[in-house]
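Enquirer: Predicted model and sequence below, questions to follow.
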Amino acid sequence: MASIFDITGSAMTAQMLRLNTTASNLANADAVSSTEAGAYRARQPVFSTILQSMTGDAATDSAAGGVQVERISQSDLPVPKRYEPGNPLADDKGYVFGSNVNPIEEMANMISASRSYQSASEVFNTTKTLMLRTLQLGG
């Protein structure tokens, strides 16, 4: 039963990282740069599943799991180029390069991450309550 706490804890940690990444993207949505290479690109965490053998016996083995962060990937979508000759960051032709962050997608991502975090939290709390009730039955 203790592995359920590890699983939900890893899920909550992963969703918190997802929320932080989304917040960073939203904070940089209006950032501009003088070069295309220097422009802010949206970032997304890439998750993978963890499966661990609990008993070591293949016949009766059950698996514990969780989520881990593989890496943070950057969007390969093109960055917008705008003509703003009065901007101090404009290049010699008067262009600045904006961020490729889509605020609408980021808000949807934030809602999804928040709900996933909430679901994992509810699993954690329900398991804790059930374990406490089981201990009360034995007492």
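Expert: Looks like it arrived, so ask away.
Enquirer: Quick one: mean pLDDT for the helix ranked longest in the chain?
Expert: In the chain, assigned by DSSP state H, the helix with the most residues is helix 103-138. Mean pLDDT, helix 103-138: 93.
Enquirer: Show me what that helix is packed against.
Expert: helix 2-27 (3 or more C-beta pairs under 8 Å, 6 or more residues apart in numbering; DSSP states H and E). Heads up, the C-betas are built off the backbone N, CA and C, glycines and all.
Enquirer: Could you identify the helix or strand that succeeds the helix it packs on?
Expert: strand 32-33 (DSSP states H and E).
Enquirer: The next helix or strand after that following strand pairs with which strands, and in what direction?
Expert: From strand 32-33 onward toward the C-terminus, using DSSP H and E, the following helix or strand is strand 43-53. Paired strands of strand 43-53, with direction, are strand 63-74 (antiparallel) (DSSP bridges).
Enquirer: what's next to the strand it pairs with, contact-wise?
Expert: Strand 63-74 is touched from outside by 3, 6-7, 9-11, 13-14, 17, 21, 41-54, with contacts defined as C-beta atoms under 8 Å, 6 or more residues apart in numbering.
Enquirer: make it 10 Å
Expert: 2-4, 6-15, 17-18, 21, 24, 40-55, 100, 120 (C-beta atoms under 10 Å, 6 or more residues apart in numbering).
Enquirer: Give the buried subset of these as a PyMOL selection command.
Expert: One line in PyMOL is enough to select the buried ones among the contacts of strand 63-74; burial here means 16 or more other C-beta atoms under 10 Å:
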select buried, resi 4+7+8+10+11+12+13+14+15+17+18+21+24+40+41+42+44+45+47+100+120
